[in-house]
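>>> fold the stuff below for me.
(chains A and B)
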Amino acid sequence: MSILSVQQVSKIYQSGSRKLTVLDNVNFSIEAGQTAAIVGPSGSGKTTLLGLCAGLDYATSGSVVLNGHALENLSEDQRAEIRNQHVGFIFQNFQLLPTLTALENVMVPLELKKRKDAKKKALELLEKVGLADRATHYPTQLSGGEQQRVSIARAFANEPKILFADEPTGNLDTETGDMIENLIFDLNKQLGTTLILVTHDPELAKKTNRIIRIKGGKIQEEQYV
Amino acid sequence: MYNFKWTLLMAYRDFRQNKSKLALFISSIVIGIAALVGISTFGDNLSKDIDGQAKELLGADAVLSTNQPLGDQPLDTIATQKSTEINFASMVIFPETGESRLTQIRALDGQYPYYGKFETTPIEADSVFRSGGREALVEKILLAQFNAEVGDSIQVGEVTFRIAGELEGVPGQTGITATVAPAVYIPMGFAEETGLIQVGSRLNYVNYYQLEAENLDEVLKPYEEEWEIDNVRLETVESRKASTGRAFANLSSFLSLVAFIALLLGSVGVASAVNVFVKEKLASVAVLRCLGVSSRQAFVIYLTQIMLMGLVGSILGAVLGSFLQIALPNVFSDFLPVEVSTDVSWKAVGFGLGTGLLIALLFALLPLLKIRKVSPMMTLRPDDGESNKFSADPFRWLVMFGIVLFIFSFSFYLLSGWKEALGFTGFVLFAFAALWGVGTGIMWLIRRFLPLSLSYPIRQSLANLYRPNNQTISLIATVGLGTAMISTLFFVQNQLLEEAKFADKEDQPNMLMFDIQTQQLEAVSQKVTDKGYPIMQQVPIVTMRLSEINGKTKKDNENLVEDDRLSRSLYNREFRVTYRDTLIDSERLVEGKLRTYNSPQDSIFVSFDAGYAGRTGINLGDEIVFNVQGRPIKTYVGSFRNVKFNQVSTNFLVLFPENVLDNAPKFHVIITKTGSDRESANLQAEVVRAFPNISVINLGTITETLENILGKISFVIQFMALFSIATGFLVLISSLILSKYQRMKESVLLRTIGASSKTVGKINTMEYFFLGTLASLSGILLSFLATWLLSRFVFELPFRGAYEEAVLVYIGITLLTIVLGWLNGRKINNQPPMVILREG
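Now for the predicted structure:
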């Protein structure tokens, strides 16, 4: 059963009288539980595609169906609710809320779902990523690797059906990057989440079931690993 | 899925880390609220005290006054007590030194005041004064001016009195009244003996009554019409209370408006600081949106924090204002007719809190609305801003409309007139727009024409003025407006004094003698010419009243509907009129022509001051009957003149032709020019000694009195302007602190790539120098414009730029900005780059 279906999606930016086509008639779908990597050179449209798949932006044309919801028919707030219920995110630059502690950052998606056990569950997740002892630390008091581990804990907190990761190891050294990759894939396996990641790193891409190669806004090649 | 409790929790979590920054935003409104609460509390207490001390304001239950002897009055038999007074302007001489001055003589008989008392030093002076001897009570300011003491002598007309005491307070009188016309009380029994009560003297007769009546209005009503006809003015406790209350309600509203300006300046600080705050928060908002937070929730998280700090700021302001008002009765002491209490006014506190919250909300909303439009896509592309969406946001326009509406409503509440409120709102918008325009224009010029040949520190510091997140415009608006207020005050004050001194040039007269009886005229002229001084003008003056205009008497005029009615003052005024067939230097004919009167068959054409005619509704050709001390004279309005009233010269609202008033009772004025102040003083002493009824004013006295009054007024205005200046600097300090991190990073980067501390320090100093320069120059420019407008349209004087004062204001404001900048930047220069990099 497909959890994400992208049909004839285009994204065009208008700058004055100039039109810039970033994505041009893109089609693919992802089955539940699958892992996929979107790869391609800089400016090829990877991040734009990820944003459209996750419902962070509207496509100029075409349809994105996420877990049965056609995103183009939903308002921004309705899509926010879908993200809270079904989607997790991991970002290249971690994107932790600087004014919240590590624990509070992980609790946010759970609290939004009005989970009574938000704190307990967030602590468990921090434990899983090895940061239970740093729960009360603020992001500025954590290293880059630690911040990304908190971000992973937060991404899995609402038990998402699908996880989007944008260059999750892009800002980390090799050793820490490897550790983060393992953590993502381990948790993904444990929780049976669908994973879609954008990366430049061919080694990371190879760890997924499927590689979607994109160039000039079009899918050039799909490769099943 | 709206979860209000969670939203508040998130607001709290975010607030923990932001409270010091938010405190800075809110500090901008603390002073404004404090000023507002302080002034409102003072106003409330003043109004309460005017009510409570109403009887002491008048000192009696009813007062009748007119310029004719009052004769027997119906109240004489009803009253439990009656006192009589004759007051008039006259010279007094201090025989010990021979010095003299024009004062207000009050010859009193009876036990007035019945409520309140004369405050004297020594305390028993009042009873000594009433003991029947030649004893006088003399205003404190007069004694101080002439170094006289209790026990010395004072000569009024031909009688010399012993100064029984120094007069410190009279019921209902303010310090300003004492400055303009210091009073000397003498016993009524010696009034005739002074020789000053003569036909032609300008005397005012007053009866003070104490009445034991339950309903005073009912007692007085039957006589009011008769008094009206006889030009007798009636004042009661109620009417005095109403007029005093009205005057002080106006003062309180005016001061509240000044406080409101300080608050608006603070609001600009709030808006600009919240703008920086919101920009810092956009990334976090995008993350929250990714995690599933709705735009409304995200908006409320930050709005809650702003409102919380708005409340804290307002409470702090209200507390500060409640303390501040304790000082206000001293600040305004010269203007107050009653003792003002210093109780906390909960109404004023509530008003301050409400205003503070509303203003924080309105001005924070403008930048805060951006949060609603943040796209979650910003998490992936930080520059994926929503600026286009924001400028099209209809709520933004709604908030702007709300701000203008708020300013209008607030001023309407204080001024109680939509025209005035519209005028004030227009002024505020114009002032901000003008400062914004000047600031933006100068920044554009710098950006456009910044020469590459300038040294690097100067170029960098100038470029810093338009860096992203700069506070340049808001600083120019706040510090600039504060500067504009205070320099306008300086400039106008300077202009008025200069104008007075300017009058003392070669060909201008500097001494004016009046109340000269016809029989004294020759002797006085002789005295002046014997000393070698010229008689520059010798003018006869006839007093008269207006009894009919186009056949309508005062009573007819009263019965007309408001739109058709002429100004009441026309009928109530005593006109002092002269006659001649030519114009003098200070007059210019603007309409009609001067016509002579040669035979009894001719009509009499008079000339009116154009401004006065315009204000009162007199038209060319109107038929006017004057009552010249009992004799009616029918005249026609033949011309209008523009009269310049700011010269030492005799100027008249109404000018008669020659040959009409030759035989009317009159007095004369002589105008002359002496060589120096010393010569003026000598001539004045000699004339007054020989002719005690003659009053003399010399330019030195006018300048001195003007300086005295302006000094008192300017102290109050400076006090009020201080709030705006202080708010401006608070905004400056908070924006410096807010941009500290950005500055640190830049400075560290510069130092890392090899710039010396000296270079970095130079860049920062130059930036503050330019910022201070821009703010103060914008303010000074605005104040020049305001001074020019005031000179041109209010004082009708030629504009004289106060350039020296402008340079002083410029140096002061710029230096202060540099010093504050240095204090803020100390850490940047004193720390090694690594420490700051780690902190980042």
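>>> chain neighbours aside, what residue packs nearest to the residue of the stretch 51-200 of chain B found nearest chain A?
The nearest approach of the stretch 51-200 of chain B to chain A comes at residue B:51, 52.9 Å away (C-beta to the nearest C-beta). The way it works is simple: take the backbone N, C-alpha and C, and place the C-beta from them, glycine included. Excluding the flanking residues, the one nearest residue B:51 by C-beta to C-beta, 6 or more residues apart in numbering or on different chains is residue B:241, at 6.9 Å.
>>> please apply the same query to residue B:104.
Counting by C-beta to C-beta, 6+ apart, the residue nearest residue B:104 is residue B:181, at 4.3 Å.
>>> again, but for residue B:367
residue B:275 is the one closest to residue B:367 (C-beta to C-beta, 6+ apart), at 3.9 Å.
>>> neighbours around that neighbour, how many?
A count of neighbours around residue B:275, defined by other C-beta atoms under 10 Å in any protein chain shown, yields 20.
>>> I figured it hits residue B:364, correct?
No - applying C-beta atoms under 8 Å, one finds residue B:275 not in contact with residue B:364, separated by 9.2 Å.
>>> sorry, back to before: what about the residue nearest to residue B:104, how many neighbours?
Neighbours around residue B:181, by other C-beta under 10 Å: 14.
>>> how close does it get to residue B:711?
17 Å (C-beta to C-beta, to the nearest Å).
>>> distance of the residue nearest to residue B:51 relative to residue B:338?
10 Å.
>>> same thing with residue B:438?
Per C-beta to C-beta, residue B:438 is found 44 Å from residue B:338.
>>> do the same with residue B:369
Remark: distance between residue B:369 and residue B:338 (C-beta to C-beta) = 48 Å.
>>> element containing residue B:596, please.
Following DSSP states H and E, there is no helix or strand that holds residue B:596.
>>> contacts only, for it.
Residue B:596 is in contact with B:581, B:602, B:657, B:658, B:659, counting by C-beta atoms under 8 Å, 6 or more residues apart in numbering or on different chains.
>>> ok, the residue nearest to residue B:104 touching residue B:101?
No - using C-beta under 8 Å, residue B:181 makes no contact with residue B:101, being 10.5 Å away.
>>> spit out the residues that contact these two alike.
By C-beta under 8 Å, 6+ apart, no residue touches both residue B:181 and residue B:101.
>>> coming back round to it: for the host helix or strand of the residue of the stretch 51-200 of chain B closest to chain A, packing partners?
According to DSSP H and E, residue B:51 maps onto helix B:4-52. Judged by 3 or more C-beta pairs under 8 Å, 6 or more residues apart in numbering or on different chains; DSSP states H and E, helix B:4-52 is in contact with helix A:102-112, helix B:237-291, helix B:295-331, helix B:346-368, helix B:699-738.
>>> winner for burial among those?
helix A:102-112 (a mean of 25; mean count of other C-beta atoms under 10 Å in any protein chain shown).
>>> would you mark the buried spots in the following helix or strand past that one?
Sequence order places helix A:118-128 as the next helix or strand after helix A:102-112, per DSSP H and E. Within helix A:118-128, the residues scored as buried using 16 or more other C-beta atoms under 10 Å in any protein chain shown are A:118, A:119, A:121, A:122, A:123, A:125, A:126, A:128.
>>> that older thread, residue contacts, the residue nearest to residue B:104?
Counted by C-beta under 8 Å, 6+ apart, residue B:181 has contacts B:89, B:103, B:104.
>>> show me which residues of the stretch 201-350 of chain B sit near chain A.
Within the stretch 201-350 of chain B, the positions near chain A by C-beta under 8 Å from any C-beta of the partner chain are B:283-284, B:286-296.
>>> and if we set it to 6 Å?
Proximity of the stretch 201-350 of chain B to chain A (C-beta under 6 Å from any C-beta of the partner chain) is limited to residues B:284, B:287, B:290, B:291, B:292, B:294.
>>> just these now: which is nearest chain A?
residue B:292 (2.3 Å).
>>> OK, contacts around the closest one?
A:80, A:83, A:84, A:112 (C-beta atoms under 6 Å, 6 or more residues apart in numbering or on different chains).
>>> apart from its chain neighbours, what residue comes closest to it?
Of all residues not flanking residue B:292 in the chain, residue A:84 sits nearest, at 2.3 Å (C-beta to C-beta, 6+ apart).
>>> again, but for residue B:107
residue B:191 (3.8 Å).
>>> burial check on the one you found, number of neighbours?
24.
>>> separation between it and residue B:231?
22 Å.
>>> report the separation between the one residue in chain A that gets nearest to chain B and residue B:462.
Nearest residue of chain A to chain B (C-beta to the nearest C-beta) works out as residue A:84 at 2.3 Å. From residue A:84 across to residue B:462, the span is 48 Å (C-beta to C-beta).
>>> what residues does chain B have near chain A?
Counting by C-beta under 6 Å from any C-beta, chain B sits next to chain A at B:1, B:6, B:13-14, B:17, B:284, B:287, B:290-292, B:294, B:376-377, B:379-380.
>>> buried ones among the contacts of residue B:596?
residue B:657.
>>> can you add pLDDT and give the contacts of residue B:596 back as CSV?
CSV is the format used below for the contacts of residue B:596 (pLDDT from 0 to 100):
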residue, pLDDT
B:581, 91
B:602, 90
B:657, 95
B:658, 92
B:659, 92
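>>> and which of the contacts of residue B:596 is nearest residue B:622?
Distance to residue B:622 across those (C-beta to C-beta) is lowest for residue B:657, with 16.4 Å.
>>> I figured that closest one hits residue B:599, correct?
No - applying C-beta atoms under 6 Å, one finds residue B:657 not in contact with residue B:599, separated by 11.9 Å.
>>> host element of the residue nearest in space to the middle of chain A?
Residue closest to the average C-alpha location in chain A (C-alpha atoms, centre = their mean): residue A:164, at 1.7 Å. Residue A:164 is part of strand A:162-166, with elements assigned from DSSP H and E.
>>> just the pLDDT at the residue nearest to residue B:43 when sequence neighbours are not counted, thanks.
Closest residue to residue B:43 apart from its sequence neighbours, by C-beta to C-beta, 6+ apart: residue B:252 at 3.3 Å. At residue B:252 the predicted local distance difference test score is 76.
>>> residue B:252 and chain A, how far apart?
Residue B:252 is 44 Å from chain A, where distance means C-beta to the nearest C-beta, to the nearest Å.
>>> wait, isn't that residue in contact with residue B:44?
No - assessed by C-beta under 6 Å, residue B:252 is found out of contact with residue B:44, at 8.5 Å.
>>> chain B contacts on chain A?
Counting by C-beta under 6 Å from any C-beta, chain A sits next to chain B at A:47, A:51, A:56-57, A:77, A:80-81, A:83-84, A:89, A:91, A:95, A:97, A:99-100, A:104, A:108-109, A:111-112, A:166.
>>> sitting in strands, which of the residues you listed do you find?
Residues of those located in strands (DSSP state E): A:89, A:166.
>>> centre of the chain versus the lengthiest helix in chain A, how much separation?
Ranked by residue count, the top helix of chain A under DSSP state H comes out as helix A:174-191. From the chain centre to the centre of helix A:174-191 is a distance of 14 Å (C-alpha atoms, centre = their mean, to the nearest Å).
>>> tabulate the CA atom coordinates of that helix in PDB.
In PDB, the C-alpha atoms belonging to helix A:174-191 read as follows (Å, rounded to 0.1, in the frame of the first residue of the first chain):
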ATOM      1  CA  THR A 174      32.200  11.300   9.800                       C
ATOM      2  CA  GLU A 175      32.300   9.400  13.000                       C
ATOM      3  CA  THR A 176      29.300  11.200  14.500                       C
ATOM      4  CA  GLY A 177      27.500  11.000  11.100                       C
ATOM      5  CA  ASP A 178      27.900   7.200  11.100                       C
ATOM      6  CA  MET A 179      26.500   7.000  14.600                       C
ATOM      7  CA  ILE A 180      23.500   9.200  13.600                       C
ATOM      8  CA  GLU A 181      22.900   7.100  10.400                       C
ATOM      9  CA  ASN A 182      22.800   4.000  12.500                       C
ATOM     10  CA  LEU A 183      20.500   5.500  15.000                       C
ATOM     11  CA  ILE A 184      18.000   6.600  12.300                       C
ATOM     12  CA  PHE A 185      18.000   3.300  10.600                       C
ATOM     13  CA  ASP A 186      17.800   1.300  13.800                       C
ATOM     14  CA  LEU A 187      14.800   3.300  15.100                       C
ATOM     15  CA  ASN A 188      13.200   3.200  11.700                       C
ATOM     16  CA  LYS A 189      13.400  -0.600  11.700                       C
ATOM     17  CA  GLN A 190      12.200  -0.900  15.300                       C
ATOM     18  CA  LEU A 191       9.200   1.300  14.700                       C
END
